[in-house]
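Q: pasting the structure only:
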């Protein structure tokens, strides 16, 4: 079972460069999320999507854009990277419907470690 | 607003010791509560959950009880193992504008020595 797959696993950027992080899930989940994890701060929600073609801002959206053109993919873009965006990025997905045991539980990818120099 | 506060780490214990990681929350309404675990180099995995007051979640020897009166969801294990070394996150789930969202605590790093 692939679950939630994030690519790439590691990336180093220079300030001002752009890049796209890809998240793919094969569980037919409606919801998808992008978080960043910084030391001592837990995970903070950047953007999320409740379905194909829809996105919404989370807690820390500035400097990021997202797209959900296909249900299984959720892309996170950095148009002009800044050192403050050095972090570990996690994607997650969750089902809207289904058995109570699994409904609304978020399933996480392994993360992308990004350094901006 | 909604927030989660965990005890600060790191926590270092010897194998077979008793573990408690404190978690308290602030929320409007009645959120569901979760503990997630992150092993080195991996993403977060759900460890256990509780959806209403007095519910007890349990998994892999870990337990946590949803205490509405003290707004707490403390994680406990009677006898820890080296393999339990990881970062543990307490989280609450709330609904806003039709979307489910999680709010995480800052995480507690646990190291178990043999």
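A: Yep, that arrived. Worth saying up front: this structure is predicted, and the values here are computed from it rather than measured. Numbering: from 1, shown residues only, chains lettered A, B, ... in the order given.
Q: can you tell me the SS state at residue B:83?
A: helix (DSSP: H, G, I helix; E, B strand; the rest coil).
Q: which residues are in contact with it?
A: Residue B:83 sits next to residue B:112 when contact means Cβ atoms under 8 Å, 6 or more residues apart in numbering or on different chains. Just so you know, the C-beta spots here come from the backbone N, C-alpha and C atoms, and that holds for glycine as well.
Q: same deal with residue A:48?
A: So residue A:48 contacts A:31-34, A:55-56, A:58, B:99, B:101 (Cβ under 8 Å, 6+ apart).
Q: repeat the analysis, applying 6 Å as the threshold.
A: A:33, A:56, A:58 (Cβ atoms under 6 Å, 6 or more residues apart in numbering or on different chains).
Q: go on, residue A:117?
A: Contacts of residue A:117 by Cβ under 6 Å, 6+ apart are residue A:14.
Q: could you do residue B:68 as well?
A: With contact taken as Cβ under 6 Å, 6+ apart, residue B:68 is in contact with residue B:53.
Q: and the worst-scoring helix or strand of chain B on mean pLDDT, does that touch chain A?
A: Sorted by mean pLDDT, DSSP states H and E, the helices and strands of chain B end with strand B:99-104, the least confident at a mean of 86. Yes - Strand B:99-104 is in contact with chain A by Cβ under 6 Å from any Cβ of the partner chain, via B:99-100, B:104.
Q: drop anything exposed from those.
A: Among these, those classed as buried by 16 or more other Cβ atoms under 10 Å in any protein chain shown are B:99-100, B:104.
Q: which one of those is nearest chain A?
A: residue B:104 (3.9 Å; Cβ to the nearest Cβ).
Q: residues from chain B in reach of chain A?
A: Counting by Cβ under 6 Å from any Cβ, chain B sits next to chain A at B:42-44, B:46, B:99-100, B:104-107.
Q: from the residues you listed, which shows the smallest pLDDT?
A: Lowest model confidence among these falls on residue B:99, which carries 75.
Q: ok, back up a step: could you flag which of the residues of chain B next to chain A are buried?
A: Buried residues within the residues of chain B next to chain A, counting neighbours by 16+ other Cβ under 10 Å: B:43-44, B:46, B:99-100, B:104-107.
Q: out of these, who's nearest residue B:11?
A: Using Cβ to Cβ, residue B:107 is the member of these that sits closest to residue B:11, with 11.2 Å.
Q: of all the residues of chain B next to chain A, which comes closest to residue A:8?
A: The closest of those, once distances to residue A:8 are taken by Cβ to Cβ, is residue B:43, at 14.6 Å.
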